[in-house]
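Engineer: coordinates only, sequence not included:
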C-alpha cells in the first residue's frame with residue numbers, strides 16, 4: 001500500500017510511502033489519502049491527525065511519470081483535489097510532519113494541514129514552477145493566507161526552495177525539529193492538542209476558517225453562534241469548574 005495509517009490513542013498518523021518516487025502522489029495514492037482522512041473525520045475516537053512521508057521525504061508532489069502510465073492525478077472542477085484530501089474541510093486539526101522535500105503538490109498538502117513541523121534541513125518550495133505545472137490544489141490560495149502576499153509571491157514566482165529555518169521565519173512552518181525528529185515532535189504536539197477540550201478547539205478552528213469568506217459582522221456572529229454551542233454543551237462549565245477548583249494556576253497546563 002502506498003498509504004498506511006497508525007493509531008496511537010486519539011492520534012492518527014497517515015504516511016505516504018512511495019520511496020521509489022520520493023513519495024510523489026499518483027491517482028490511486030490520492031484516493032487512498034482521501035479515504036484515510038474521510039475515515040479520520042468520521043471516527044469519534046480520533047481527535048488529531050498527522051500527515052507525513054516515509055523514507056525521510058514528505059512528498060515530492062504529483063507523480064508526473066504516472067500521467068504517461070495512465071494513473072495520473074485527477075484535475076476536475078468537482079470532487080476531490082488532485083492530491084486527494086485537499087478539498088476536505090475537516091472539523092479536526094491535522095499536523096504535517098516534514099522531512100526532506102515538501103515541494104509542488106507536496107507543499108500544497110503541507111499547507112492544507114493546520115500546523116507544520118519541519119526538520120531544519122527540510123526543503124519546501126513550488127518546484128513545479130520549473131516545469132510549467134500549475135498549482136491547482138490550493139497553493140495559490142493557502143500560501144498567501146498563511147504567509148502573506150509578499151512571501152507567497154516569492155515562493156510562487158521563483159519556485160525556489162526554502163529550508164526549515166527560513167520557512168519558520170516566514171511563518172510557513174510552526175515548529176522546527178532536528179533532522180529525523182519531525183514526526184516525534186509532531187506526535188508530541190498532536191498529543192497536547194488531543195488532551196485539550198475537543199468541542200471548544202473545533203469550534204474555534206471552525207470560526208477561524210469560516211471568517212475568510214465573511215465580513216466582520218457576519219464573522220463575529222458566526223463566532224458567537226459556534227461559541228454558544230460549545231458553552232451549552234457543558235464542556236465550558238466543566239472546564240471552568242476545574243479551574244475554580246485550582247487547576248491551571250499560574251499558567252500551568254490543565255489537569
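Structural biologist: Received, thanks. These numbers were taken from a predicted model, which means no experiment stands behind them. Numbering: from 1, shown residues only.
Engineer: can you map out the strands along the stretch 1-150 of the chain?
Structural biologist: 3-8, 11-16, 48-53, 94-98, 101-103, 115-119, 123-125 (DSSP state E, counting those that start in this stretch).
Engineer: want to try TSV for those strands, with mean neighbour count and distance to residue 160 as columns?
Structural biologist: C-beta: built from backbone N, CA, C; applies to glycine. Output for the strands of the stretch 1-150 of the chain, formatted as TSV (neighbours: other Cβ atoms under 10 Å; distance: least, Cβ to Cβ, whole Å):
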stretch	mean neighbour count	distance to residue 160
strand 3-8	14	29
strand 11-16	23	23
strand 48-53	27	21
strand 94-98	28	17
strand 101-103	27	10
strand 115-119	27	16
strand 123-125	24	6
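Engineer: Distance to residue 180 and mean pLDDT for these - can I get that in TSV?
Structural biologist: Shown next, in TSV, are those (distance: least, Cβ to Cβ, whole Å; pLDDT from 0 to 100):
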stretch	distance to residue 180	mean pLDDT
strand 3-8	18	97
strand 11-16	15	98
strand 48-53	12	98
strand 94-98	11	98
strand 101-103	15	98
strand 115-119	7	98
strand 123-125	15	98
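Engineer: Distance to residue 220 added to those, as TSV?
Structural biologist: As requested, these are exported to TSV (distance: least, Cβ to Cβ, whole Å):
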stretch	distance to residue 220
strand 3-8	38
strand 11-16	33
strand 48-53	28
strand 94-98	26
strand 101-103	35
strand 115-119	25
strand 123-125	34
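Engineer: Out of the ones you listed, which gets nearest to residue 235?
Structural biologist: strand 48-53 (17.0 Å; Cβ to Cβ).
Engineer: Could you list every helix and strand in contact with the closest one?
Structural biologist: strand 11-16, strand 94-98, helix 105-112, helix 182-194 (3 or more Cβ pairs under 8 Å, 6 or more residues apart in numbering; DSSP states H and E).
Engineer: In TSV, list those along with distance to residue 80.
Structural biologist: TSV is the format used below for those (distance: least, Cβ to Cβ, whole Å):
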stretch	distance to residue 80
strand 11-16	15
strand 94-98	16
helix 105-112	12
helix 182-194	24
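Engineer: I'd like to know which of these is closest to residue 135.
Structural biologist: helix 105-112 (6.4 Å).
Engineer: just checking, what packs against the closest one?
Structural biologist: Looks like helix 105-112 contacts strand 48-53, strand 94-98, strand 123-125, helix 139-147 (3+ Cβ pairs under 8 Å, 6+ apart).
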